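**Student:** generate a structure from the sequence data that follows.
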Amino acid sequence: SHAGAAVNCQAEAVTFTVHNPAHLEAPLAAGSVVGITTSTGHGDWSLVTGLGTLTNLGNGAATYTSGGESGFVLALANPYAETVNINVIAGSVTETSGAAASEPAPGTDPNLVFDAAGFRFVDAAGIPIGTQVSGKTSATYTLQAIRSTGCATPGICTGACTALFAPGATVPIDAAAECIDPSTCQPGAQVTLATGAETRAVPANHGGAVSSYQVTSFLFGANGQAAFTLNYSDAGSMRLLARYALGGGNLVTGQSSPFVVRPFGFALAAAGNPGAADATGAKYKKAGETFGATLTAVAWSAPDDADSDGIPDAGADLTDNAATPNFGREAIPETGTISHALLAPSGGDGGVLSGGSPIGGFTGGAASASLAFSEVGAIRLTAGLGDANYLGSGADVTGASGPVGRFYPGHFTL
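**Tutor:** Below you'll find the model as predicted:
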């Protein structure tokens, strides 16, 4: 995976992630040799992060000896203005073998376009946009506008980068967003960009069909960088895009690496629950009797996250948060799980909650479950993702209900 667009004067980061036959991230045995080439035979590779060792062979080729990790990041420098496809092989395994063969294009084999000038979406250290939280304003990132020098030969730029716009310039740039997974955006989906010059709602386009842009003013400083924050109310894998007409028919473009926006948390509600926390509360269900519950993936809200860490506070009520309707519509649909903790009686038998896993079939970000608790007392329901790893970001989505109960005996035998 990579940004899809790069500038000749700057090496572009490319992430290699090892997948098992189930298309889930898995480690590669230490000492395994990975061969890497480019379709054009151009470029040089360098190691960004990884436990193994890299040998750059020139002409777009390199070998990486695994340190036992499940992924590593290399940087590709290429002075040629061209479209490059990156090929990788370890034994008989490639970027298009196994489960990847049936993945929709561009899947795990996207092209990387190098050009003399372009836009990059990175932080101040040059790192791509990281995982975000639905409805929560991001940390500060930069739109970097740069051009290559030393382009004496057409299509080849061997010089360093220079800023495309002068410091202090406010530039109207066409901005857009693209839904990657799910590839279909929900109606009215938008990404809000705050640039320091203005705040704009940028349209979210369906994957592979970017046509709607919003003119957005960016204030550029040193090194061709303009600061901005982003906020997306829905969930999924996204990408930002930018374009600007320089004149003379020259169009400068760029796009971010895909980044994940995960739901803030799960709201949990048990149907008809009186919320008894102890034996003095109203009856709810007999032990073993089924009851309905709704699990909803929701966006961030400041009152539910006092420390602003993107994780619901203990005791936070998420039932009034906005839903993230794209959750559960991923190419490989995400699922949820519901478990429980005993609130009362203190020290009692924990009992068994049935029907809590897996929970799928999300519509509008919500799914229903039919649960049963085997014991008497009061419980709290807790929720998480089926794999604790939203879209491969490594992030879980969690939530908890208030007290559910009280559950009471169905009958006595004498």
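
**Student:** any idea which residue sits dead centre in the chain?
**Tutor:** The centroid of the chain falls nearest to Val260 when counting by Cα atoms, centre = their mean (1.0 Å).

**Student:** pretty sure that residue sits against Arg239.
**Tutor:** No. Contact criterion Cβ atoms under 8 Å: Val260 and Arg239 do not qualify, at 10.9 Å. C-beta coordinates here come from the backbone N, C-alpha and C atoms, glycine included.

**Student:** pull up the overlap in contacts between these two.
**Tutor:** Residues touching both Val260 and Arg239 (Cβ atoms under 8 Å, 6 or more residues apart in numbering): there are none.

**Student:** give me the below-cutoff pLDDT ranges for the chain.
**Tutor:** Under the criterion pLDDT under 70, the flagged ranges of the chain are 104-105.

**Student:** which SSE is the residue nearest to the centre of the chain in?
**Tutor:** Secondary structure from DSSP states H and E places Val260 in strand 259-262.

**Student:** thinking again about what came up before, residues contacting the residue nearest to the centre of the chain?
**Tutor:** Listed by Cβ under 8 Å, 6+ apart, the contact partners of Val260 are Thr131, Gln132, Gly236, Ser237, Met238, Tyr390, Leu391, Gly392, Ser393, Ala395.

**Student:** can you get me a residue count around Ser211?
**Tutor:** The local packing of Ser211 (other Cβ atoms under 10 Å) involves 8 other residues.

**Student:** how close does the closest residue to it other than its chain neighbours get to Cys179?
**Tutor:** Spatial nearest neighbour of Ser211, chain neighbours left out: Asn205 (6.4 Å); criterion: Cβ to Cβ, 6 or more residues apart in numbering. Remark: distance between Asn205 and Cys179 (Cβ to Cβ, to the nearest Å) = 7 Å.

**Student:** one more: Phe373?
**Tutor:** Counting by Cβ to Cβ, the gap from Phe373 to Cys179 is 39 Å.

**Student:** tell me which of those two has more neighbours.
**Tutor:** Ranked by neighbour count (other Cβ under 10 Å), Phe373 and Cys179 place Phe373 first, with 28 against 25.

**Student:** can you name the residues bridging to that one?
**Tutor:** Assessed by DSSP bridges, Phe373 has beta-bridge partners Leu353.

**Student:** so who does it touch?
**Tutor:** Residues near Phe373 by Cβ under 8 Å, 6+ apart: Lys285, Ala287, Gly288, His340, Gly351, Val352, Leu353, Ile379, Phe407.

**Student:** what does stretch 45-63 rub up against?
**Tutor:** Applying Cβ under 8 Å, 6+ apart, the set of residues contacting stretch 45-63 is 11, 13, 30, 33-44, 64-69, 71-78, 84.

**Student:** among these, which ones are in strands?
**Tutor:** Taking DSSP state E as the definition of strands, the contacts of stretch 45-63 contribute 13, 33-38, 44, 64-65, 71-77, 84.

**Student:** what about the residue nearest to Ser211, neighbour count?
**Tutor:** 19.

**Student:** partners of it in the sheet?
**Tutor:** Bridge pairing for Asn205 (DSSP bridges) gives the partners Glu178.

**Student:** so it sits against Ala175, correct?
**Tutor:** No. Counting by Cβ under 8 Å, Asn205 stays clear of Ala175, with 11.3 Å between them.

**Student:** and Asp396, which of the three is it?
**Tutor:** Using DSSP: H, G, I helix; E, B strand; the rest coil, the structure places Asp396 in coil.

**Student:** would you mark the buried spots in the strand or helix carrying Leu112?
**Tutor:** Element membership for Leu112 (DSSP H and E) is strand 111-115. Using 16 or more other Cβ atoms under 10 Å as the test for burial, strand 111-115 gives Leu112, Val113, Phe114, Asp115.
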